[in-house]
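> quick one, what's the 3D model for this:
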Amino acid sequence: MEKAIFAAGCFWHVEDAFRGVKGVESAVSGYTGGHTDNPSYSEVCTGKTGHAESVLVEFDPAAVSYEDLLAVFWSMHDPTTRDRQGPDVGSQYRSAIFYLNEEQKAAAEKSREQLDSSGGLRGPIVTEISPAGTFYPAEEYHQRYYEKHGIRHC
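Okay, here's the model as predicted:
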């Protein structure tokens with residue numbers, strides 16, 4: 001198994017999208033990219049922790065490649081909007097890829113460059129590509145939120 005961390009707005013949506021990918025064994029909502037240890041949801045919502053709502057994806061690389069996960073990531077949100085996805089506004093909703101090794105970094109940068117130069121977006125990609133720091137799982141009530149509440153959208 002391998003791991004990957006993505007941020008693309010509300011983590012409920014991101015988690016749900018990755019759970020639907022064949023080869024993904026788990027997707028956990030949480031926080032990363034900031035400076036506060038063990039942040040709570042209410043702290044992250046202030047925008048003062050530096051963390052992004054993120055999802056830790058555990059996947060079987062024999063069934064789904066990291067590049068395939070990148071394609072899912074790019075398709076699930078608007079990577080041209082800074083600190084915003086839909087009605088969610090703030091740095092905690094930023095578009096980001098938190099890489100866990102140099103291979104992920106190279107693949108993420110390559111995929112961003114390809115998409116950015118494709119001309120298929122309404123503006124330049126602002127997605128952050130940064131080394132992963134500590135990932136803090138979100139509170140239990142955020143995990144599998146869509147399943148628990150029978151909804152499909154944030």
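> so which elements touch the longest helix belonging to the chain?
Assignment by DSSP state H gives helix 102-117 as the longest helix of the chain. Counting contacts by 3 or more CB pairs under 8 Å, 6 or more residues apart in numbering; DSSP states H and E, helix 102-117 is packed against helix 66-75, strand 95-99, strand 128-131. Using the backbone N, CA and C atoms, a C-beta is placed for each residue, glycine as well.
> minimum distance to Ser42: which of the ones you listed has it?
Each of the helices and strands packed on helix 102-117 has some distance to Ser42 by CB to CB; the shortest is strand 95-99, at 20.9 Å.
> from the chain's centroid, how far away is the closest one?
Shown here is strand 95-99, whose average C-alpha point lies 6 Å from the average C-alpha point of the whole chain (CA atoms, centre = their mean, to the nearest Å).
> contacts made by it with the rest, please.
Applying CB atoms under 8 Å, 6 or more residues apart in numbering, the contact partners of strand 95-99 are 5-9, 32-33, 52, 54, 70, 73, 77-79, 81, 85, 104-105, 108, 112, 125-133, 135.
> look at Leu56 and give its secondary structure.
Classification of Leu56 using DSSP: H, G, I helix; E, B strand; the rest coil returns strand.
> which strand residues bridge it?
In this structure, Leu56 has beta-bridge partners Ile5, Val28, where bridges are defined by DSSP bridges.
> try Pro137
Gly30.
> so what's it up against?
Contacts of Pro137 were listed using CB under 8 Å, 6+ apart, and they are Val28, Ser29, Gly30, Leu56, Gln143.
> of all those, which comes closest to Thr46?
Nearest to Thr46 among the contacts of Pro137: Gly30, at 16.7 Å, using CB to CB.
> rewinding a little: which among the contacts of strand 95-99 end up buried?
5-9, 32-33, 52, 54, 70, 73, 77-79, 81, 85, 104-105, 108, 112, 125-127, 129-130, 132, 135 (16 or more other CB atoms under 10 Å).
> per-residue pLDDT, the residue located most distally from the centre of the chain?
Relative to the mean C-alpha coordinate of the chain, counting by CA atoms, centre = their mean, the farthest residue is Gly119 (22.9 Å). At Gly119, the pLDDT value in this model is 86.
> ditto for Arg152
pLDDT recorded at Arg152 is 66.
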